[in-house]
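**Student:** Fold the following.
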Amino acid sequence: MKNLYLILNLGSIIIPFIFSFHPKLKFNKEFKYAWPAIFIVAIGFIVWDMYFTHLGVWGFNPKYHSGIEFNGLPLEEILFFICIPFSCLFTYHCLNKLVNKDIFLVGEKYASYSLIVFLIIMGAFSFGKLYTFSTFSALLVCIILIKFVLKVDWLSRFYFSYSVLLIPFTIVNGVLTGTGIPEPVVWYNNSENLAIRFLTIPIEDVFYGMMLILLNVAVFEYLQKRFKKSEVGGEG
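**Tutor:** You can find the predicted model right below:
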């Protein structure tokens with residue numbers, strides 16, 4: 001299917017976008033924070049993506065995209081960094097509204113420390129494998145900065161949300177990497193990763209996805225807190 005990648009992008013965003021206007025969810029009220037967060041984070045990931053595509057760490061099957069490319073990246077790959085984060089921020093917002101915000105508070109410290117130790121070990125043993133080492137190292141830096149430098153109060157809610165998001169992640173990323181279709185939409189050079197896969201998904205994608213959504217949530221939360229305070233102050 002020529003437009004499979006585009007269909008996956010649109011399928012990921014359309015329902016969250018429609019329900020953003022639901023009177024009980026009101027995520028549309030957060031668009032002025034969500035969209036800037038999405039585009040700010042997307043810039044970094046798109047540059048990273050272009051560089052790794054150039055190096056042959058991964059690539060894209062022309063059978064599944066439109067053929068419109070920007071510096072080697074299909075248009076659909078660029079849209080991925082907009083559509084997926086939007087749907088994830090929507091989910092994060094909804095879970096904050098519908099679920100006790102402290103549901104994972106007790107376990108956050110253990111989750112963070114365990115993740116840090118895991119990333120250090122995996123990073124050390126994957127030196128020379130570009131995708132694995134860069135992903136684990138970058139996520140490690142992000143978690144350390146967010147937890148110990150910024151000392152945010154939302155990390156437990158992020159962990160809970162991402163654990164829920166792993167379900168649609170498995171579906172979408174599974175198809176992108178070849179589950180249920182003759183060839184993958186996105187292919188990977190296994191010499192640059194651990195060659196460990198869940199279904200057809202490289203294990204690194206789980207942590208790459210975590211970093212993508214973590215940074216989106218971080219910028220989203222920062223913009224909310226900074227500008228909502230300014231709005232309240234202005235009203236006063």
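**Student:** residue boundaries of the strands in the protein?
**Tutor:** With strands called from DSSP state E, the chain shows them at 58-60, 69-70, 73-74, 186-188, 197-198, 201-202.
**Student:** Pull the residues that contact the last one.
**Tutor:** Okay, so that is strand 201-202. 131, 170, 173-174, 177, 179, 188, 193-196 (CB atoms under 8 Å, 6 or more residues apart in numbering). (Each C-beta comes from the backbone N, C-alpha and C, glycine too.)
**Student:** how does it look with 7 Å?
**Tutor:** In this structure, residues lying in contact with strand 201-202 by CB atoms under 7 Å, 6 or more residues apart in numbering are 170, 173-174, 177, 188, 193.
**Student:** Can you list which of these are found in helices?
**Tutor:** 170, 173-174 (DSSP state H).
**Student:** Now distance to V141, pLDDT and neighbour count too, for these, in a markdown table please.
**Tutor:** A markdown table is the format used below for the ones in helices among the contacts of strand 201-202 (distance: CB to CB, whole Å; pLDDT from 0 to 100; neighbours: other CB atoms under 10 Å):
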| residue | distance to V141 | pLDDT | neighbour count |
| --- | --- | --- | --- |
| T170 | 26 | 95 | 16 |
| N173 | 23 | 96 | 24 |
| G174 | 28 | 97 | 17 |
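**Student:** What is the nearest of those residues to L140?
**Tutor:** N173 (21.5 Å; CB to CB).
**Student:** Where does pLDDT dip in the protein?
**Tutor:** Scanning the chain with the threshold set as pLDDT under 70 gives 100-103, 229-236.
**Student:** the helices in it, which residues?
**Tutor:** Under DSSP H, the chain gives helices at 4-19, 31-55, 75-98, 105-125, 130-144, 155-176, 203-235.
**Student:** other SSEs contacting the longest one?
**Tutor:** This means helix 203-235. Where contact means 3 or more CB pairs under 7 Å, 6 or more residues apart in numbering; DSSP states H and E, helix 203-235 is packed against helix 31-55, helix 75-98, helix 130-144, helix 155-176.
**Student:** picking up where we left off before, out of the contacts of strand 201-202, who's nearest S137?
**Tutor:** Using CB to CB, N193 comes nearest to S137 of the contacts of strand 201-202, at 13.8 Å.
**Student:** ok, now which ones touch the closest one?
**Tutor:** Contacts for N193 (CB under 7 Å, 6+ apart) come out as 129, 131-132, 202, 204.
**Student:** Can I get those residues in CSV including neighbour count?
**Tutor:** Putting the contacts of N193 into CSV (neighbours: other CB atoms under 10 Å) gives the following:
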residue, neighbour count
K129, 21
Y131, 23
T132, 24
P202, 24
E204, 24
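**Student:** Among those, find me the one that's closest to S112.
**Tutor:** Nearest to S112 among the contacts of N193, counting by CB to CB, is E204 at 19.7 Å.
**Student:** Surely the closest one is in contact with T132?
**Tutor:** Yes. Assessed by CB atoms under 7 Å, E204 is found in contact with T132 at 5.4 Å.
**Student:** overlap in contacts of those two?
**Tutor:** Any residue near both E204 and T132 by CB under 7 Å, 6+ apart counts here, and that gives 193-194.
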